[in-house]
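>>> I'd like to go over a predicted model; first the sequence, then the structure.
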Amino acid sequence: MKHQVGLDAAGGWVNDRPVAMFLFLTRPDNSVVGYPMTGIPRDGAIEFTTYRKSAKARYLAEDDRVCVVIVEDDDPASGVALWGRSRLVDPAGFIPARPDAAPIDVPDGVISTVRERLDSGKRLVFRIELDRSRPPRRVVAANAEA
Amino acid sequence: MPKRDIRMSTKEIDDFLSHCEVVAVGAVDADGWPTATLSHCEFRNGALLLRLDPTDPVAVSASATQQLCCVADEHPTYYEIRGVILHGRPNFFDESVHVDIERRSGFDFGKLKR
């Protein structure tokens, strides 16, 4: 059976390997916006960083509800959709992706810059706690040729 | 030091979309939650066509709100990361959705090195 991007059958994380994901938010005008992101599963939640001044940080301050689509590494046409609420957490505890564990190999200089900007407060860490009333849903792109 | 401009031009976005096969499609549901799924896509002559089951909850929400957002990216290496975000209005035909693109943006980390 194929692995479901770090989730077991009950929707629990089976590892903390960073994931490529699409993050969808509801904006104050009730419209949707999505962003490609790297997420870091941790203790059953997902963490990501962004700039304090970014649009997504402003939107999350207004509405903490998110939907995340995590795509299979070896099959970009399938993945899982997760719902949850985001909150700011102390960046001191944020552990960046290990170079050999991330979806892409992030240069050391970039990791250092992210750490500096977290320490200076320019970047924030958001933690998404999965919403148990909205269980994960497997999502598969229907074959266009079907 | 001035911030690098990594935005993609309209032509660069269209070129990206022309070889894109799958996008994440999002909408806002009746409770105000964002909701999303994956869809095969085809970009031709400036138009985006999605293959999305009309009974899919995302399709239902997009139809109700007449608004959706499509996101696609590629990341073979850090400096080859590119992503595109589209906002538009959906028009449903059976299991196809023609997206009237209203806004598009894209970024290319390769421009960080130029």
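Thanks, I have it.
>>> every contact and neighbour count from this point should use C-alpha atoms.
Will do.
>>> okay, and the spatially most central residue of chain A sits in which element?
For chain A, A:Gly39 is the residue whose C-alpha lies nearest the centre (C-alpha atoms, centre = their mean; 3.5 Å). Element membership for A:Gly39 (DSSP states H and E) is strand A:32-42.
>>> the residue nearest to the centre of chain A contacts A:Thr50, doesn't it?
No - using C-alpha atoms under 8 Å, A:Gly39 makes no contact with A:Thr50, being 11.0 Å away.
>>> and B:Pro90, how far from B:Val99?
5 Å (C-alpha to C-alpha, to the nearest Å).
>>> now the residue in chain B that chain A sits nearest to. Nearest residue, chain neighbours left out?
Closest to chain A within chain B is B:Ser39: 4.2 Å, counting by C-alpha to the nearest C-alpha. Setting aside the residues directly before and after it, B:Ser39 is nearest to A:Ala141 in space (C-alpha to C-alpha, 6 or more residues apart in numbering or on different chains), at 4.2 Å.
>>> what does chain A have sitting close to chain B?
A:22, A:24-26, A:30-36, A:65-69, A:76-79, A:81, A:83, A:104-107, A:139-144 (C-alpha under 8 Å from any C-alpha of the partner chain).
>>> would you mark the buried spots in the helix or strand harbouring the residue of chain B closest to chain A?
Using DSSP H and E, B:Ser39 falls within strand B:34-44. Within strand B:34-44, the residues that count as buried by 16 or more other C-alpha atoms under 10 Å in any protein chain shown are B:34-43.
>>> from A:Asp119, how far out is the residue minimising distance to the centre of chain B?
Centroid-nearest residue in chain B: B:Cys70, 2.6 Å away (criterion: C-alpha atoms, centre = their mean). Plainly put, B:Cys70 is 33 Å away from A:Asp119 if you go by C-alpha to C-alpha.
>>> with A:Ser31 instead?
32 Å.
>>> give me the more crowded residue out of those two.
A:Ser31 (20 against 14; other C-alpha atoms under 10 Å in any protein chain shown).
>>> pLDDT score for that one?
Per-residue pLDDT puts A:Ser31 at 97.
>>> how confident was the prediction at the nearest residue to it once chain neighbours are set aside?
In this structure, A:Ser31 finds its nearest non-sequential neighbour in B:Val28, 6.5 Å apart by C-alpha to C-alpha, 6+ apart. With respect to pLDDT, B:Val28 scores 98.
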